[in-house]
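1. What follows is a predicted structure for the sequence shown.
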Amino acid sequence: MSMIAAFYSNKSLLITGATGFLGKVLMEKLFRTSPHLKVIYILVRPKSGQTLQERVFQILNSKLFEKVKEVCPNVHEKIRPISADLNQRDFAISKEDMQELLSCTNIIFHCAATVRFDAHLREAVQLNVTATQQLLLMASQMPKLEAFIHISTAFSNCNLSRIDEVIYPCPVEPRKIIDSMEWLDDSIIDEITPKLIGDRPNTYTYTKALGEIVVQQESGNLNVAIVRPSIVGATWQEPFPGWVDNVNGPSGLIIATGKGFLRSIKATPMAVADVIPVDTVVNLTIAVGWYTAVHRPKSTLIYHSTSGNLNPCNWHKMGLHVLATMEKIPFESAFRRPNADFTTNNFTTQYWNAVSHRAPAIIYDFYLRLTGRKPRMLKLMNRLLRTISMLEYFINHSWEWSTNNTEMLLSELSPEDQRVFNFDVRQLNWLEYIENYVLGVKKYLLKEDLAGIPKAKQHLKRLRNIHYLFNTALFLIIWRLLIARSQIARNIWFFIVSFCYKFISYFRASSTLKI
Ligand SMILES: CCCCCCCCCCCCCCCCCCCCCCCC(=O)SCCNC(=O)CCNC(=O)[C@H](O)C(C)(C)COP(=O)(O)OP(=O)(O)OC[C@H]1O[C@@H](n2cnc3c(N)ncnc32)[C@H](O)[C@@H]1OP(=O)(O)O
Ligand SMILES: NC(=O)C1=CN([C@@H]2O[C@H](COP(=O)(O)OP(=O)(O)OC[C@H]3O[C@@H](n4cnc5c(N)ncnc54)[C@H](OP(=O)(O)O)[C@@H]3O)[C@@H](O)[C@H]2O)C=CC1
């Protein structure tokens, strides 16, 4: 029997960000392995015209939860959505709900965050720092609370190249930042943002670092731990391989590559691609919840959920695996054939952006105009290139993360827990993982049917022929223009033609002799 699963039985858990990518997989695993847990409170905001109940219904009826419903048929009774907005004072939670949360919660998993790289500093501070501070305040009023687990990111200190499982200070105290956001207006915040984030690439990583300091400073007597995942990817094993439901991180790039929009990217091929499967992060998080509650470590422990130092894979290898899979399992209606060229400097990047991305988009838009349709490809391409430019930082740097606490925790687990809550990334086979990832993107994100693969292959063949035809035509046109204007080109042309003529005549003559 799994000790960890038994620990969660009869417990009341509170999860923020449960409707997000990581939160859903966390809930799924908790229900599947501990069907006797009492309740999971989730803080949810009504969104896109959906009520809380409709949002929960949608999650429970998704493919991700199919196995849970077999093990825990009354799962819908065990999820208690609480209307909350983490951007509001007291999270805009009703008095009755707050009372219930304060008196019943045993474990908190704080996953909610804004993960946008372009978030305005005020918005990022509000959700990633102030809301964390408020949640800790709430937690301090919970008499039954056993552990508070905060999800951060391995990139919160991406300004360093070697990162240990410790909290690093920031020049300006988080409390001062929180205060200043109350009275500074947007234009001043815009001006000071570059100075505050310093050598970090965006407000996201900066505010996640501040959030960690808040956890350390304001946790009082609580049992607190921080999990720091790197680039979270599709599921590796559970509940089934390849599940993913948003375009963040690698998933969007896989789509852009498979559909033939993105054919080259500025990347350091030998840099480590620190992708970590979402189920590995979730297994570690659940184990951390158990360990923190039961062993009550004296200080706040940080756990890195990364792959680079135990089972490294670089971008070059990842790109090859992705392309090889796309040969076997192509995406439907691709714009161009998938390709993955890595450029290493700004000049070649700009060149390929013009030749390989914008020029085909302009030609396609011209074709759309000719056929009476609205041009849209260049606009789409420009948006994609803007997105890529924001991700580039992470594909052009390498980091070394120590994983002592994560390895220590693995060694503390019973063999059964190591199996049920496997977070040993050394067992990951990258080729197999990426194959399932690409397949998962096709099935769960693009909602493409596997029956369409032969047609997709046919379409790629057609694109290849168009490519060859286009290149040949372009070559002939350029050559014709050159011949018309340059004596040297004419001389070369006559030399080639007479050479070919002599070559053919020689073979004709020698074959006649043999007869
Ligand atoms: C040719 C070379 C091919 C390369 C090799 C082959 C493939 C290799 C596969 C593996 C590649 C893996 C690359 C990984 C790159 C590493 C990046 C991630 C680094 C994360 C580090 C930190 C981790 C964390 O802690 S946080 C979680 C990660 N957070 C995010 O990823 C959020 C990033 N996104 C944003 O902040 C926004 O989306 C933004 C600002 C980029 C764009 O915002 P905007 O308001 O303009 O619009 P959106 O509506 O959000 O999206 C616009 C448009 O872009 C598409 N899109 C969004 N995200 C991605 C993406 N990651 N890749 C590609 N496309 C993306 C989105 O679908 C929209 O498309 P439309 O058609 O315009 O609707
Ligand atoms: N994905 C990744 O690559 C990585 C993620 N992480 C960390 O993991 C955690 C989860 O990330 P991930 O699941 O990918 O992110 P998602 O963007 O998928 O999920 C974010 C969650 O936060 C919720 N949320 C956002 N704003 C509010 C608000 N004002 N009130 C209530 N809830 C809100 C969202 O709710 P709603 O559905 O209503 O929008 C959603 O449930 C984050 O802390 C992130 O920093 C760390 C490293 C990498």
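-> Good, I have the coordinates. Ligands and ions are numbered 1, 2, ... in the order given.

2. which residues in the stretch 101-250 of the chain form helices?
-> 121-125, 131-139, 174-183, 186-197, 203-218, 250-258 (DSSP state H, counting those that start in this stretch).

3. Distance to ligand 1, mean pLDDT and mean neighbour count for those helices - can I get that in a markdown table?
-> Yep, even glycine has a C-beta here, placed from its N, CA and C like the rest. Listed next are the helices of the stretch 101-250 of the chain as a markdown table, based on distance: least, Cβ to the nearest ligand atom, whole Å; pLDDT from 0 to 100; neighbours: other Cβ atoms under 10 Å:
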| stretch | distance to ligand 1 | mean pLDDT | mean neighbour count |
| --- | --- | --- | --- |
| helix 121-125 | 11 | 98 | 22 |
| helix 131-139 | 15 | 98 | 21 |
| helix 174-183 | 18 | 96 | 15 |
| helix 186-197 | 14 | 96 | 13 |
| helix 203-218 | 6 | 98 | 23 |
| helix 250-258 | 2 | 96 | 22 |
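
4. Ligand 2 contacts on this structure?
-> Residues of the chain lying close to ligand 2 (Cβ under 6 Å from any ligand atom) are 17, 19-23, 43, 45, 47, 84-87, 111-115, 127, 151, 153, 208, 229, 231-232, 246, 248-249.

5. Please check those residues and keep the buried ones.
-> Among those, those scoring as buried are 17, 19-23, 43, 45, 84-86, 111-115, 127, 151, 153, 208, 229, 231-232, 248-249 (criterion: 16 or more other Cβ atoms under 10 Å).

6. Show me the residues you listed that map onto strands.
-> 43, 151, 229, 231, 232 (DSSP state E).

7. Not counting its own residues, what contacts stretch 311-331?
-> Applying Cβ atoms under 8 Å, 6 or more residues apart in numbering, the contact partners of stretch 311-331 are 254-255, 257-259, 267-273, 275, 307, 338-340, 342, 395, 425-426, 428, 430-431, 434-435, 438-439, 442, 446, 448, 450, 453, 456-457, 459-460.

8. what about residue 76, helix or strand, and which?
-> Secondary structure assignment for residue 76, by DSSP states H and E: helix 75-78.

9. Smallest gap between the chain and ligand 2, at which residue?
-> Nearest residue of the chain to ligand 2: residue 20, at 2.1 Å (Cβ to the nearest ligand atom).

10. Enumerate every residue touching that residue.
-> Counted by Cβ under 8 Å, 6+ apart, residue 20 has contacts 111, 112.

11. begin at 15 from here
-> I'll keep to 15 as the first residue from here, and by that count the last item is residue 34.

12. which phi and psi does it have?
-> phi -90, psi 180 (degrees, to the nearest 10).

13. before we move on, what about residue 422?
-> Residue torsions, per degrees, to the nearest 10, at residue 422 are phi -60, psi -50.

14. State the number of residues packed around it.
-> As a burial measure, residue 422 scores 13 neighbours (other Cβ atoms under 10 Å).

15. What are the neighbouring residues in contact with the closest residue to residue 142 other than its chain neighbours?
-> Once flanking residues are discounted, residue 142 sits nearest to residue 221: 3.8 Å by Cβ to Cβ, 6 or more residues apart in numbering. The contact partners of residue 221, taken as Cβ under 8 Å, 6+ apart, are 133, 135, 138, 139, 141, 142, 143.

16. Residue 211 touches residue 217, doesn't it?
-> Yes. Counting by Cβ atoms under 8 Å, residue 217 is a contact partner of residue 211 at 6.2 Å.

17. Common neighbours of the two, please.
-> residue 135.

18. Looking at the contacts of residue 221, spot the one nearest residue 84.
-> Nearest to residue 84 among the contacts of residue 221, counting by Cβ to Cβ, is residue 141 at 35.4 Å.

19. Leaving out the residues flanking it, which one is nearest to the closest one?
-> Per Cβ to Cβ, 6+ apart, closest to residue 141 is residue 128, 4.7 Å.

20. quick one, phi/psi of the one you found?
-> According to degrees, to the nearest 10, residue 128 has phi -100, psi 130.

21. where's it relative to residue 457, distance?
-> Separation of residue 128 from residue 457 (Cβ to Cβ, to the nearest Å): 28 Å.

22. Let's check: the centremost residue of this protein is which one?
-> residue 263 (2.7 Å; Cα atoms, centre = their mean).

23. and that residue, what does it touch?
-> Neighbours of residue 263 in contact, by Cβ under 8 Å, 6+ apart: 245, 246, 247, 289, 405.

24. Check the burial of the nearest residue to residue 176 once chain neighbours are set aside by counting its neighbours.
-> Once flanking residues are discounted, residue 176 sits nearest to residue 414: 4.8 Å by Cβ to Cβ, 6+ apart. Residues near residue 414, counting by other Cβ under 10 Å, number 14.

25. Isn't residue 414 up against residue 322?
-> Yes. Using Cβ under 8 Å, residue 414 is in contact with residue 322, at 7.0 Å.

26. Assign residue 54 to one of the three secondary structure states.
-> strand (DSSP: H, G, I helix; E, B strand; the rest coil).

27. My guess is it contacts residue 92. True?
-> Yes. Counting by Cβ under 8 Å, residue 92 is a contact partner of residue 54 at 6.3 Å.

28. Distance to residue 523 and pLDDT added to the contacts of residue 263, as a markdown table?
-> Listed next are the contacts of residue 263 as a markdown table, based on distance: Cβ to Cβ, whole Å; pLDDT from 0 to 100:
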| residue | distance to residue 523 | pLDDT |
| --- | --- | --- |
| 245 | 66 | 97 |
| 246 | 70 | 98 |
| 247 | 64 | 98 |
| 289 | 63 | 97 |
| 405 | 62 | 94 |
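
29. could you say what helices and strands the lowest-mean-pLDDT helix or strand in the chain packs with?
-> Lowest on mean pLDDT, DSSP states H and E among the helices and strands of the chain sits helix 501-528, with a mean of 81. The elements that helix 501-528 packs onto, with contact taken as 3 or more Cβ pairs under 8 Å, 6 or more residues apart in numbering; DSSP states H and E, are helix 467-499.

30. Check which residues of the helix it packs on are buried.
-> Within helix 467-499, judged by 16+ other Cβ under 10 Å, the buried ones are 467, 470, 473, 474, 477.

31. Pipe these into CSV and attach pLDDT and distance to ligand 1 per row.
-> Listed next are the buried residues of helix 467-499 as CSV, based on pLDDT from 0 to 100; distance: Cβ to the nearest ligand atom, whole Å:
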residue, pLDDT, distance to ligand 1
467, 96, 20
470, 96, 18
473, 95, 19
474, 94, 16
477, 92, 16
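
32. can you tell me if the helix or strand where residue 303 lies touches ligand 1.
-> Element membership for residue 303, per DSSP H and E: helix 292-309. No. Helix 292-309 stays clear of ligand 1 (Cβ under 6 Å from any ligand atom), getting no nearer than 10.7 Å.

33. next SSE after that helix?
-> strand 315-319.

34. partner strands of that next one, parallel or antiparallel?
-> strand 238-243 (parallel) (DSSP bridges).

35. so for the strand it pairs with, what's the average pLDDT?
-> Mean per-residue pLDDT for strand 238-243: 98.

36. how about that strand: buried residues?
-> In strand 238-243, the ones that count as buried by 16+ other Cβ under 10 Å are 238, 239, 240, 241, 242, 243.
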